[in-house]
Each structure stands twice: as C-alpha cells, then as structure tokens.
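Model the structure of this input:
(2 chains)
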Amino acid sequence: MRALFLFLLILPFSLTAQIRITPFGNQPDPLRPRINRGSDAGNPSAVAMFDPATGRAGRPVDYTVMITSNQRVSELPSPLPAPEGLVVQGDMKNFSMQITQNAAVQVSAHRFTIIPTRAGEFTMPAFEIEADGVKIQVPATVLVVEEADPNQAPYQPVRAVIDVEDRTLFVGETIAARMLIFDTADEIPQSIMHMAKTSGSVIFRHQLRASRESFTWQGKEYTGIVMPIQLTPLASGESELNAQMLGQVQKRDMAGRGLAIYQANIQTQSVRIKVEPLPPAGRTKSFTGGVGDFTISQPVLSTPEVMVGEPVTLTVTLKGTGNIEGISFPEMEKNDDWDSYPPTSELFKNEIELSGAKAFTYTFIPKHENAKGTPSLPFSFFDPKKRAYVDATVPPVPIKVNANPALAKAAAEDAADNPAASETVLLPPDPPKPALTGLEEKSGRWVSSLALPFEQSWFLMLQAVPPLTLLVLWAWQRRRRYLAANPQVLRRRLARRAARQHLDKARAAVRRGDQTQFLNEGVRALREAVAPLDSTLPDSLVAEEVIRHFQDDADAKEAVTRIYEAANSAYAPVGMGTLQPVSLLSSLESVIAKLNSKL
Amino acid sequence: MRHPFFSWGQKSLFYTVAAFCMALVCRVQAVQSTDSDAMFQAANDAFTKADYGEAAYLFRELADESLAPGALHNLGNVEWRVGRPGHAILAWERALTLAPTNRNTLANLRFARLTNQLEEPQRPWYEQYSLWLPAGIWIAVASIGLWGGIAMLCLPRIFQRMRSAWSQAFAAIALTAFLLTLPALLGLWKRQHTGVVVTDDASLLLTPTRTGEILVKPAAGELAQVEKVRGNYYYVRASQDRAGWIHTRDFALIWEK
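Numbering: from 1, shown residues only, chains lettered A, B, ... in the order given. This is a model prediction of the structure:
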C-alpha cells in the first residue's frame, strides 16, 4: 500500500520530465532563434542568428554573430553585407570566456539591430572574418519577414520636448526648464551624450548630468530622461525653441526585450515662448540688468574705524533667484568725501542651479576726517513676478574716520616744498615690517620642566599641608583646653607615672638586695598613687591615710601596713632580719595595681 | 615672655631645619645653573660665529636638561635660522610660558607668523589674562591667597583670640587675590593642552592610523588644542575648527608633561 502511494506521488514528476511541451506542436517556434553554425571542425568557429527568426516589416530584430576562438575578434566587416530591404544599425560587442572540452576559449559576440523595410525572406549572406590568424566563414542566415500588422501601432522612436513654464517671459530673465526624453514602446533612451544644436533667440544652458526617472508632463506620468536646463531670452517677441541631441537609445523587439544600443539623433518638438521687453517705466541708472527675485544682505565693513588715506572695503552680498551671474553693481560716481575703486565680485552658485549669491567688494579711501559714513550704493533690479523694478539701494554705513598725522605732516612738508602740489593726497607710509630679534644674553632662571604642577603628586601633597596643619593646631588647642578644665586628669596621669617609676626602682632594689631602698621606694610609690585620690601632696601621706582606701580589702590593708611598718622599723635594727622584700614586692605590686585602677 | 603658639625651642628647631633645607636647595641649584650657564654661553658664541648647526645642537642639548626663558628664546632663533619654523615657534611659545611679557619673544612670534602666513592665535579672555604672569607665580599666589586667607580666619578661633583688624584685612586681601587668580588658573588649564605643529609635512587624519585618510595639511607652526590621545596620535583642533588625528612626531605640546 505504501509502495503504491509513493508510485502515484512520483508519477507526475517523471512524466513531466520526459514530455516536452511545445505550443506550436511539431511546427518550429517562429520566435525561437534560428542558429546557423559555421565550421564545426575544431577552433575557431562562428555562428550567426536572427532573434526572433521571424519578424515584421518595420520592426527591429536582433542579429548576433558569435565567434569562438582563442583570441578576441573585435572587428567585423563594415558595413555588413546585408541584402536590400534590411537596414543594419549598431554593433554592440561583448566578450567572455567559456570552458569547452577542458579548455578556455574566447567568445566574441557582436549584436546588430536589423530593421526590415518590407515583407519577404531575406538571407544574410555568409562572409569571411579572421580569427586566430585564419580565415573562417560566418554562415548565411535566413530571416522571414511578414507584412506589418495593420492593427498594431506604428513604430515609435524616442521623442523629446522642452518643458517651459507657460507664461510671458522678459528679456534677460533666466528661468529653469526641463528637457524631457520619453520612453516609448519601441525605444528606451539610455543617456544624452551631446547637445548638438539649439535654435531660438535664447541662451541655452544645460548639464549632461541627466537622470532616468518618472516624471509628470501635462498631467500624465511618464518615464524617461530628465535634463535640467536654463533659458535666458535675448530678444522680445515670439520665439520657437527646439534642440538636437546625440544620445544612446536601446530598441525593443516585438516581445518588449531590449536589443542593441545605438547612437541616435534626438530632435525635440518645437515649443513657442512669448518674450516681452523690460518696461522703460521705472528704470533708473542703478539698474544693471538684474532680472529675478533678489535680496541684499547687511553690508560688511572691513574695519569700523579708519584713518584718512587708508583703504577700507565694504562687502555687499546679493542673494536670490535669477540671472545673478550677469549682474554687476554700478561703479561709484565722484564723491567729495571718498575715493573709490570699481567693485570686485565673487559668485557662489552651482552651474545649473538658478539661485545663488554674489558678493561685491568696494574699496573706499576717505579724503578727510569729516566723512561719517560710506557712500550709498544705488542698485535696482526687475522683478518678473511683480512686473516692476525694485529699488535695493545700499544705505551709507557709519564709519569713524580719524585724522592721519603722518599724512598731514607729509602734506604740509610737500606743500612747503612745492606749493603747486599741495593738494595732492599722499598715501600713508607702509607700516614697518617685523624682523627677527637678536639673542638673549642672559638665560634667566633655570627650571627642570615646563609641566604645570596641577596634575603632579607633590603639588597635591603640598596643598594638603596647610589644612592638615590647621587641623593639628585645632586638635592640640582643644586638648589643651580640656586638660586645663580637668586638671585631675593630668594629675592622675602624673601620679601613675610616678608610682610606676618608684615601683621600678623598688624592683631594682630587690634585685640588688638593698632592703632600705626597697622600703623607701615602696612607700613613695604608695604615696604617689594615693595622692590624687586624697587631693594632697604625696609626701604628707601617712599609713592610715593610705589604708583608708582599702577598707574592704583586707589583703591590701595588710600589705600596706606591713610595708609601712617595715619602713618605720628600718630605723630600728630590731626585727630587720625577719623582713622578706621579695614577698613584700608582690604585695606592693598588687596594691599599686589596685590604686592605678582607681585613678 | 612666652610665645602664644610655639615655645622658643620649637621655633629655633623649625628655623634651623628650614634654613638648612633652603641652603641645600640653593646649593644644588647653583651647581646645576653653573653648568647650564656655561653651555648657554657656548651656544651663544657658536651662534655669534654663524655656526648655527653647533648652536642648534648645544641649545637642544640644553633644552633636554633644563629650561630657561633666554635659552628657549635663543633656541627658537637658531631653529628659525636652520629652517625649522615649527620648532622655532614651539621654542618661542615655551619661552613665553616662563616669561610671558618678553617683548623680544613676542616680536619673534609675530615675525614668524607673518613670514609663514600663519594666523595669530585667537585666545579667549581668560587665556589672555593668564599670559600676564608666569604660571608659577599664578599658582603660588593662588595657594598663598587661599590658605593664607583661611588661616587668618581660622587661627584666632583656634587659639580663642579676637580677630584683629590686621588679620581680617590680610584674610580679605588674600582671598581676593585667590579669587583674582581663578580665571588665570582656568586659562592655564586650557593652555596646557595647546601644542604646535612642528613638521612641514604634517597631516590631520580621519583615523588614528598610519593609512588614515588625510583631511587637511596644517602648516608648520600652527597652534592646535589637544582633545584626545590615542597611542601615538593626538586628536587636535586647529583654527577654524579644523580637527583630526596627528602623529606625535609632527606635534608637540607647549607645556610638555
């Protein structure tokens, strides 16, 4: 059951692989290329074919010659020996490598576009070419051409128009326009190589940087090439514009496939424009030919203050849309306050863009210090939208003019020497140019490095010294004040220190066997330790006053009693032999420790 | 009469130690400066005899050991003579850090920039202000002003005494002096990242790599601010916001680390 299921699943695929479906039954496909091979006996060889093999009158077909050889074949006989009735255009070459029988061979393909002018059967005859140094035969190829279909549209070559704004233009006005080259069902424009010729009383500016894109023209969408242009009418009246271009065009066959690319002359349709002269009313001397929409930026002085006889520049920038390239600023007329030079200009604008800026720089020289501002600069232009002249005169710019002492002195001297030339204005002398100074004779103070101390550790440590010093002083003073307010703290500390010292001496006396010294130091240690508790001097303390601090401690009381008795008996020889300083030392240490804990 | 803060013995010890340290430092400096002065004189003599190669060698040796405004000024003159304008401007800028009002050095910088068509550096006001005095003076005045003012305010309180008029006046003056030094310190902080393009074929690169795309070629002697450092490259910003990476062999900081 499973095997039957698998068989049924595989059956359709196996049948599809074996049956070749041909829509024309046993008849050959008229659109299938008819390939005629040349010599098959080894390399090199050539084949030729029409694609499609059956065409229609007036419709292009592709004719391809392919040569297989070891070296490229880049030239074919020119023109091809085509029979009467076939027009040959273009020769699109393509070279590639192929591996055949384990060897790499060069395939040179030459594509031509053939346009049959009538119906019939045409044979492209065989012709000889040279490949790898030997002559080979390109075989003859047959093209069957049928009558043109009366229902089909006639052949449509590419067409082009100049798209201009539909309004009345003015002489000298620069407007933006477009050159549109449309795709058709039979041809596709690829690029524009050269603007051959234009006609009409206009200056025609264009840029060959055209692009293929979709665009709208007269309310419909098209695809093709759009090339921006600029037009400047030169004469008034009606004018007819057209242009011729040299471009690359690709033809399409009946199936809409692209054929060979060839160079074609493209002629635009004529377009009429109406141009009016600039109105004389309102035109002044300040009008220098500017037509468009412009603004003038704030004028910029090179310096706000100048001396008599020194030059100062004033820069005025004109911005806007129009024939900005051709505009000039008027030269200054003679002025009592200022000498002036013709302005220089600098254009800031792309070649094909309509808007831009132009900077005019005037150079003025004040004649005397009474001049309060630069001269005004009269300027006007014609605005096509307002259909009127616009006054854009630059007003005077305030500037301070100072007297020039050097100039005045020179003028005075000159006047004294030559009274006739006293009115001559002298230019100020050039300022002295700087020069290299001499060597320094003294080195100055030596340093080891130029580095700033900000990031160095010694600098940070040095900066920490003052606050630390202040902190230490503050702590020290605080401690001093505490001890002054609590004198018992210091007294007890001194008592502990004195008791410890006397105890150490008593221990030393024991080690030496000096009984008298031991007893004296022991008593002193007891007195020093007890003195702060009694608020009295140590030497004034007697045994009872010491014992009073050990009322509840019988051992300590006994030890103190024994030490004092022994010390008193030291002055009486009786009983001295029974005294054991070593046993008393441990008692003394114990009592001193107890007293220290009370301090 | 007992001193209110320190005993006589403590004072004597302090003064003795301080005097000894001062004497030691002066002695070491005197030995060093004697050697440097001799070399400085030899370099000046070579320059006077138009032996610029020898003078350049001696001044560079000297600059490697120790620095002085006169020596740096003369080093700049020698570098200019031997055709190294970038190094000349660097030396003069360094001389100005030690003696910012030296008119000869300022004149030489003007001359070099005019000759090489370099822009005068446009410094903000606080950097201009910091040029009035050498950096060491600014820092010393700031330190003394700050800590002196704080000490004058704190010491009477620590010792539980009334603040006298003179101590309050000193504190006010000291703290004012400190406040006046703040813009200069900011200027010094900014200026310490300034450097000079020293070679003629230096390039500002897009990336800090040997094969980085060249953005612009600054002229030798141009000043620029260092913003970043990566390996052997500085990211610098020159006038008119021209910025890019430059190799350390083509650029030297004025306030060397």
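
For residue B:50, give its distance to chain A.
Distance of residue B:50 to chain A, given as C-beta to the nearest C-beta, to the nearest Å: 12 Å. C-beta coordinates here come from the backbone N, C-alpha and C atoms, glycine included.

typo on my end, it should be residue B:60
15 Å.

Now name the helix or strand holding that residue.
helix B:52-65 (DSSP states H and E).

who does that helix touch, helix- and strand-wise?
With contacts taken as 3 or more C-beta pairs under 8 Å, 6 or more residues apart in numbering or on different chains; DSSP states H and E, helix B:52-65 sits against helix B:8-48, helix B:69-81.

Would you mind pulling up the elements that the shortest one packs against?
Using 3+ C-beta pairs under 8 Å, 6+ apart as the contact criterion, the elements in contact with helix B:69-81 are helix B:8-48, helix B:52-65, helix B:85-98, helix B:103-115.

I'd like those helices written out as a markdown table, with mean neighbour count and mean pLDDT added.
As requested, the helices and strands packed on helix B:69-81 are exported to a markdown table (neighbours: other C-beta atoms under 10 Å in any protein chain shown; pLDDT from 0 to 100):
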| stretch | mean neighbour count | mean pLDDT |
| --- | --- | --- |
| helix B:8-48 | 13 | 74 |
| helix B:52-65 | 17 | 90 |
| helix B:85-98 | 25 | 94 |
| helix B:103-115 | 18 | 92 |
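
near chain B, which residues of chain A?
Counting by C-beta under 8 Å from any C-beta of the partner chain, the residues of chain A close to chain B are A:433-454, A:459, A:462-463, A:466-467, A:470, A:473-474, A:477, A:481.

rewinding a little: pipe the helices and strands packed on helix B:69-81 into a markdown table and attach distance to residue B:75 per row.
Converted to a markdown table, the helices and strands packed on helix B:69-81 look like this (distance: least, C-beta to C-beta, whole Å):
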| stretch | distance to residue B:75 |
| --- | --- |
| helix B:8-48 | 8 |
| helix B:52-65 | 4 |
| helix B:85-98 | 4 |
| helix B:103-115 | 11 |
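
between those, which gets nearest to residue B:144?
Residue B:144 sits nearest to helix B:8-48 of all the helices and strands packed on helix B:69-81, at 16.5 Å, using C-beta to C-beta.

show me where chain A has helices.
A:2-18, A:405-417, A:457-485, A:487-512, A:515-534, A:543-547, A:554-569, A:581-598 (DSSP state H).

could you give me the average pLDDT of the first one?
Looking back up the chat, that one is helix A:2-18. The average pLDDT within helix A:2-18 is 51.

for the longest one, same thing?
The predicted model assigns helix A:457-485 a mean pLDDT of 91.

for it, packing partners?
helix A:487-512, helix B:135-158.

Report pLDDT for residue A:24.
Residue A:24 carries a pLDDT value of 41.

Give me the distance between the closest residue in space to residue A:396 that isn't next to it in sequence and chain B.
If the residues on either side of it in the chain are set aside, residue A:396 comes closest to residue A:373, at 3.5 Å by C-beta to C-beta, 6 or more residues apart in numbering or on different chains. Residue A:373 is 29 Å from chain B, where distance means C-beta to the nearest C-beta.

Which residues are in contact with residue A:373?
Residue A:373 makes contacts with A:396-399, as judged by C-beta atoms under 8 Å, 6 or more residues apart in numbering or on different chains.

then stretch B:158-178 to CSV, C-alphas only?
Only the C-alpha atoms of stretch B:158-178 are listed here, as CSV (Å, rounded to 0.1, in the frame of the first residue of the first chain):
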residue,chain,number,x,y,z
ILE,B,158,41.6,78.0,67.1
PHE,B,159,43.6,80.0,69.7
GLN,B,160,40.4,81.6,71.1
ARG,B,161,41.5,85.1,70.4
MET,B,162,39.6,88.0,69.0
ARG,B,163,40.2,88.5,65.3
SER,B,164,42.3,91.6,65.0
ALA,B,165,41.8,94.2,62.3
TRP,B,166,45.0,93.4,60.6
SER,B,167,44.2,89.6,60.4
GLN,B,168,40.8,90.4,58.9
ALA,B,169,42.4,92.7,56.4
PHE,B,170,45.0,90.2,55.5
ALA,B,171,42.3,87.5,55.1
ALA,B,172,40.3,89.8,52.8
ILE,B,173,43.3,90.6,50.7
ALA,B,174,44.4,87.1,50.5
LEU,B,175,41.0,85.7,49.5
THR,B,176,40.6,88.5,46.9
ALA,B,177,43.9,87.6,45.4
PHE,B,178,42.8,84.0,45.3
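
ok, residue A:67 to residue A:95 distance?
Residue A:67 is 10 Å from residue A:95, where distance means C-beta to C-beta, to the nearest Å.

list the contacts for residue B:153?
Residue B:153 sits next to B:163, B:171 when contact means C-beta under 8 Å, 6+ apart.

Turn the helices and strands packed on helix A:457-485 into CSV, including distance to residue A:213.
Converted to CSV, these look like this (distance: least, C-beta to C-beta, whole Å):
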stretch, distance to residue A:213
helix A:487-512, 100
helix B:135-158, 64
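
tell me the most buried of those helices?
Highest mean neighbour count among the helices and strands packed on helix A:457-485 (mean count of other C-beta atoms under 10 Å in any protein chain shown): helix B:135-158, with a mean of 18.

Quick one: mean pLDDT over that helix.
Per-residue pLDDT over helix B:135-158 has a mean of 92.

Quick check: mean pLDDT of whichever helix or strand comes after it?
The helix or strand immediately downstream of helix B:135-158 is helix B:165-191, counting by DSSP H and E. Averaging pLDDT along helix B:165-191 gives 93.

Whatever helix or strand comes next after helix B:165-191 and chain A in contact?
On the C-terminal side of helix B:165-191, the closest following helix or strand by DSSP H and E is strand B:194-197. No - using C-beta under 8 Å from any C-beta, strand B:194-197 stays clear of chain A, coming no nearer than 11.8 Å.

that older thread, out of the contacts of residue A:373, who's nearest residue A:223?
The closest of the contacts of residue A:373 to residue A:223 turns out to be residue A:397 (C-beta to C-beta; 54.1 Å).

Look at that closest one and report its pLDDT.
Residue A:397 is assigned 81 on the pLDDT scale.

now swap in residue A:325 and tell me
Here the pLDDT value assigned to residue A:325 is 78.

wait, it sits on residue A:349?
Yes - using C-beta atoms under 8 Å, residue A:325 is in contact with residue A:349, at 6.9 Å.

between the two, what contacts are shared?
Residues touching both residue A:325 and residue A:349 (C-beta under 8 Å, 6+ apart) are A:356, A:358.

Which residues does residue A:305 form beta bridges with?
residue A:400 (DSSP bridges).

same thing with the one 10 residues further on?
Beta-bridge partners of residue A:315, counted by DSSP bridges, are residue A:300, residue A:361.
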